[in-house]
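*Asks:* Need coordinates for the below:
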Amino acid sequence: MAQHDYIISNATFPAVRTDLNNALSAIQTTNSGTSRPTGAVAGQLWLDTTSATTPTLKYYDGADDISLATIDHVGNTVNWLDSTVSITGLSTTATGTVLTLSDSVNTTTVNLIIDNQKEIRFRETTANGTNYVALKAPASLSADLTFTLPSADGTNGQALITNGSGVLSFTTVSADGTVDWDTTVKTTGFTATANKGYFCNTTSSSFTVTLPSSPSAGDEIVIVDYAGTFATNNLNIESTPKINGSINDVLLTTNREATRLVYIDSTQGYVAYSGVNEGTAPSLTDNPPTYSVDFLVVAGGGAGGSEYYSGGGGAGGYRNSYSTETSGGGGSSEAVLNFLPSTVYTVTVGAGGASVSSAGTGNNGSNSSISGSNITTITSIGGGGGGGTDTSNLFNGNNGGSGGGGSSAGGSNSTKGNGTANQGFDGALGGSSGGNPPGSGGGGGGGAGAVGTAGGSGSAHGGAGLASSITGSSISRGGGGGGATYNSTTGNGGTGGGGAGGNNSVAVSGTVNTGGGGGGADQHSGGSSTSGAGGKGVVILRMPTAKYSGTTTGSPTVTTDGSDKVIVFNDSGSITG
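*Replies:* Predicted structure coming up:
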């Protein structure tokens, strides 16, 4: 490849021959180079080799270079620029922002408008015609818009519809309200498509039809009982969006029923407007959807016994469904509750057992519970009272959610109280080594998480409670009350609200709203015969914030943890689902 100025200077023969050969080489290689030849004149062609693999053929008009074509050395092709090229009867012409495709045989024209109008125009058969049909893109798009056409043509009268994701299909729509019937009989749950009818067979079992989630006004769905079994196995229709203005699902419960629903708007949703049984209205029975609610139900703790070497009170029964947390007494986490919208659920918070000041067994705590028309009542049993003594009698510890501790005196001890399965542990026996201290002492009351410690020469602690994070923070509840001692180590209350036993001091009550047991009394040498009262119980519910109705009584404390509402009942009340 070479370039030459085409001027042969006077010189000796070898130099002139070399200059001539260079000029011929330039002609032979089309004046190839990375810039225009220095001696170029108007009308001269030259090859711009700036790109070695796709050089550009250029024409010099005396002032400027005009690019004619690029030569593709790899693909062995030519790309003509700024021109009209005929290819087997088809020509393309670029004019400003319009690319025209012309069929030279049939003189038809397609214009591709490539400016901001973004459209393709199909003109009438005459090449110079002014009328056209256009496909035009929207003025602005937030994302790519792609349509997938059906793999086959539809039938006469059908129209194209989209599934909302760009997939097109043919369906039958009619001004008289007819629908396109799906002739495959449905026997399991499915999602319906707008303007279709379905034959539903519930012979084997009930199932659910899910309505389209993004309908348009006027969309219809028709459901027909295929085998006359809706009364035996109801068909459920899911209410997303609403049905007849309600968020409740509905059941079709009449044999050979046919139901037609039309979507109106977001307020009314789908409305059932015709049926073949029970007059003109279809028999839709409300079937409101339930939602899951976790609970922690703790009963009131038992009071400690009185008046010597008395046992601690047992903690209130402890039942828990939250996460994988255990219930009391070594029980597993329970199944959640299923609440229904608009249903009232009654919450009862059990009081702690009242303290006693004369020789005898402490009072049991009261039960806590939650009940409603569609759930099995959850009841936690009040904690058992601790045993007591006087100068000649021993009083047993009571059974309860957790058992009360036994008492002791003079080498004998009373019976401990037993806990309730899956709610709390047993109380402990009092000391039995005989004589006066240090051999005597009341047993610790049982806790939700452990048995109480036996009385004797050492301390008699209440059984430990359990920690729960149902409120979003880990809090211990359900500790047993400590047993009473005399001139010995104090019987401490169990972690989680248990009260300490008396030891030349007043016995301590269980902590309010933990269900902790009260401490046992001992009135020797300045002590008191008044036992510790049991701590009041608590009921805690946790549910999705979206499901919380906000309707309660009893002034519970309501907080938010993540996507859930936490409702803490420190007193009895109610909540509407």
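*Asks:* how about the helices in the stretch 451-577 of the chain?
*Replies:* Counting by DSSP state H, counting those that start in this stretch, the stretch 451-577 of the chain has no helices to list.
*Asks:* Kindly report the same for the stretch 1-150 of the chain.
*Replies:* 13-28.
*Asks:* which regions of it sit below the pLDDT cut-off?
*Replies:* Within the stretch 1-150 of the chain, the stretches with pLDDT under 70 are 1, 82-134, 139-140, 142.
*Asks:* Please repeat the previous calculation with a cut-off of 50.
*Replies:* In the predicted model of the stretch 1-150 of the chain, residues 83-92, 94-97, 104, 114-115, 127 satisfy pLDDT under 50.
*Asks:* As a check, name the ranges of all strands in it.
*Replies:* Assigned by DSSP state E, counting those that start in this stretch, the stretch 1-150 of the chain shows strands spanning 44-48, 56-60, 65-72, 77-80, 85-87, 90-95, 98-103, 108-113, 119-123, 132-136.
*Asks:* partner strands of the longest one, parallel or antiparallel?
*Replies:* In this case it means strand 65-72. strand 56-60 (antiparallel), strand 77-80 (antiparallel) (DSSP bridges).
*Asks:* buried set for it?
*Replies:* 65, 69, 70, 71 (16 or more other CB atoms under 10 Å). C-beta: built from backbone N, CA, C; applies to glycine.
*Asks:* Give the bridge partners for the first one, please.
*Replies:* With DSSP bridges as the criterion, the beta-bridge partners of residue 65 are residue 60.
*Asks:* these two touch, right, it and residue 50?
*Replies:* No. Contact criterion CB atoms under 8 Å: residue 65 and residue 50 do not qualify, at 11.9 Å.
*Asks:* low pLDDT regions in the protein?
*Replies:* 83-92, 94-97, 104, 114-115, 127, 175-176, 276-281, 434-439.
*Asks:* What residue spans form the domains of it?
*Replies:* Per automatic domain parsing, the structural domains of the chain span 13-59, 85-136, 159-287.
*Asks:* Surely residue 11 touches residue 17?
*Replies:* No. The criterion here is CB under 8 Å, and residue 11 misses it with residue 17 at 9.4 Å.
*Asks:* my guess is residue 272 is in a strand, correct?
*Replies:* Yes. With DSSP: H, G, I helix; E, B strand; the rest coil as the criterion, residue 272 is located in a strand.
*Asks:* how near is it to residue 208?
*Replies:* Applying CB to CB, to the nearest Å, the value for residue 272 to residue 208 is 16 Å.
*Asks:* Mind checking which of the two has more residues around it?
*Replies:* residue 272 (20 against 14; other CB atoms under 10 Å).
*Asks:* okay but the more buried one is in contact with residue 244, surely?
*Replies:* Yes. Applying CB under 8 Å as the test, residue 272 and residue 244 come out as touching, 6.4 Å apart.
*Asks:* rewinding a little: for the strands paired with strand 65-72, which one ends up most surrounded?
*Replies:* Ranked by mean neighbour count, the strands paired with strand 65-72 are led by strand 56-60 with a mean of 18 (mean count of other CB atoms under 10 Å).
*Asks:* the inter-axis angle of that one versus strand 44-48?
*Replies:* Computed by axes from the mean of the first three to the mean of the last three CA atoms, to 10 degrees, the angle separating strand 56-60 from strand 44-48 equals 150 degrees.
*Asks:* what's residue 508 in contact with, if anything?
*Replies:* Listed by CB atoms under 8 Å, 6 or more residues apart in numbering, the contact partners of residue 508 are 482, 493, 499, 500, 501, 518, 519, 532.
*Asks:* Kindly reformat these as JSON lines and extend each row with neighbour count.
*Replies:* Below are the contacts of residue 508 laid out as JSON lines (neighbours: other CB atoms under 10 Å):
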{"residue": "482", "neighbour count": "41"}
{"residue": "493", "neighbour count": "39"}
{"residue": "499", "neighbour count": "37"}
{"residue": "500", "neighbour count": "27"}
{"residue": "501", "neighbour count": "43"}
{"residue": "518", "neighbour count": "45"}
{"residue": "519", "neighbour count": "46"}
{"residue": "532", "neighbour count": "40"}
